[in-house]
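In: coordinates only, sequence not included:
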C-alpha cells in the first residue's frame, strides 16, 4: 500500500477530493441505478434490523428472567447482538437455538460492517457506462489523526448486500416464527 507521500500530486488530489456540492446527489437523473440499488440495500437492511429489534423487545422482559433482563434497549447494533446472544445463551428454554443465533450474529455483524461502509460515506461519483460507484469517507482515529477512505464498487455489490440481508432476515424468521406465538411466550415464561 502506498503512503500519501509516495503519491503523485494528481493521485493525492484524487484521494483527498470530496465533493460536498455537485456530483450525483445534485444530478439525480445521472445516477438512478445507484439510488435504486442503495434504496434496495437500505430497505433490506432496515427490515432485518427492525426484525431483530422486535425479537429483542419480545424476549427482553424482566418477567422472563431477572438475571438476563436489560432495562435499556440497545441502540448500537453491536449491543443488540450482545443482548441477543446473552438471552439465547442464558435462558434455559432458548439454549436449543443458541447455535443458530450465534451463526446469525456472525453474519449480521459482517453485514453491519458493510452497511457502515456504505452509509457512512459520501457518494462522490458514478459512471453508468462502467457501473462504477465511488464513495469517499473520513474517519477520526484519535490524537488528531484521520483515515481518508476511497472505495469503488458497482451497483451489483449493493444488490448482493440486499440479498444477503434478506437471507439473514429469513434465517431470523426461522427463529422468530417459533417465539412470536402463544407457545413461544409460554416457553419464555418458563425460566
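Out: The structure has been received and is ready for your questions. Only a predicted model underlies this, so the values are computations on that prediction, with no experimental measurement involved.

In: quick one: average confidence on the strand or helix carrying residue 54?
Out: Using DSSP states H and E, residue 54 sits within helix 32-59. Helix 32-59 shows a mean pLDDT of 97.

In: ok, then the element right after that helix?
Out: helix 77-90.

In: Do me a favour and average the pLDDT over that following helix.
Out: Taken as a whole, helix 77-90 has an average pLDDT of 98.

In: and the next helix or strand after that helix with helix 32-59, angle?
Out: Downstream of helix 77-90, the next assigned helix or strand under DSSP H and E is helix 98-119. Angular relation of helix 98-119 and helix 32-59 on a 0 to 180 degree scale: 140 degrees, by axes from the mean of the first three to the mean of the last three C-alpha atoms, to 10 degrees.

In: any residues touching helix 98-119, and which ones?
Out: Residues outside helix 98-119 that contact it (C-beta atoms under 8 Å, 6 or more residues apart in numbering) are 38, 41-42, 45, 48, 52, 77-78, 81, 84-85, 88-89, 135, 137, 149, 151, 158, 161, 164-165, 168, 171-172, 174-175. Yep, even glycine has a C-beta here, placed from its N, CA and C like the rest.

In: Now which of these would you call buried?
Out: 38, 41-42, 45, 48, 52, 77, 81, 84, 88, 135, 137, 158, 161, 164-165, 168, 171-172, 175 (16 or more other C-beta atoms under 10 Å).

In: Quick check, pLDDT for the spatially most central residue of the chain.
Out: When C-alpha atoms, centre = their mean is applied to the chain, the residue found nearest the centroid is residue 112 (2.6 Å). For residue 112, the model assigns a pLDDT of 98.

In: same deal with residue 10?
Out: pLDDT for residue 10: 74.

In: Please, which helix or strand holds it?
Out: helix 9-16.

In: Number of residues surrounding residue 157?
Out: Using other C-beta atoms under 10 Å, residue 157 is surrounded by 17 other residues.

In: about what we covered before: got the angle for the helix holding residue 54 vs helix 77-90?
Out: Using the same axes, to 10 degrees: helix 32-59 against helix 77-90 is 40 degrees.

In: buried sites along helix 32-59?
Out: So helix 32-59, judged by 16+ other C-beta under 10 Å, has buried residues 34-35, 37-38, 40-42, 44-45, 47-49, 51-52, 55-56, 59.

In: Tell me, how many residues neighbour residue 21?
Out: Residue 21 has 7 neighbours, counted by other C-beta under 10 Å.
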